[in-house]
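Q: no sequence for this one, just the structure:
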């Protein structure tokens, strides 16, 4: 099964896992989900739309990462998934 992982669980970072799936699903675990959960989901969805990825399962374990960090980790995880 195709799977890609990028990031860490350090403060101000996130761990993104991308895996091929039958439909797109996003799972977010964050220390700031009450404040930024919708923004994290938007960054992930926008990045998936921009890259044309469909039917992927995305897990984001966030520790306060900024938008550009989430995007970079997701792009790398998607690239690693494609390489697998």
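A: Sure thing, it's come through. Computed from a predicted model, the values in this text were never measured in an experiment.
Q: surely residue 76 meets residue 6?
A: Yes. Assessed by C-beta atoms under 8 Å, residue 76 is found in contact with residue 6 at 4.0 Å. Any C-beta I mention is one placed from the backbone N, CA and C, and that applies to glycine too.
Q: Please compute how far stretch 10-18 lies from its chain's middle.
A: Taking C-alpha atoms, centre = their mean, to the nearest Å, the mean C-alpha location of stretch 10-18 is offset from the chain mean by 8 Å.
Q: in it, what counts as buried?
A: Within stretch 10-18, the residues that count as buried by 16 or more other C-beta atoms under 10 Å are 13, 14, 15, 16, 17, 18.
Q: for stretch 16-36, same thing?
A: Quick answer for stretch 16-36 (16+ other C-beta under 10 Å): 16, 17, 18, 19, 28, 30, 36.
Q: Just flag the most distant two among these.
A: Taking C-beta to C-beta, the two most distant members of the buried residues of stretch 16-36 are 19 and 36; they sit 23.6 Å apart.
Q: Need the residues touching each of residue 76 and residue 6.
A: Each of residue 16 lies in contact with both residue 76 and residue 6 under the rule C-beta atoms under 8 Å, 6 or more residues apart in numbering.
Q: Neighbour count: these two, which is higher?
A: residue 6 (20 against 16; other C-beta atoms under 10 Å).
Q: count of residues packed around residue 49?
A: Applying other C-beta under 10 Å, we find 10 residues neighbouring residue 49.
Q: which SS state does it fall under?
A: Classification of residue 49 using DSSP: H, G, I helix; E, B strand; the rest coil returns helix.
Q: roughly how far apart are it and residue 82?
A: 17 Å (C-beta to C-beta, to the nearest Å).
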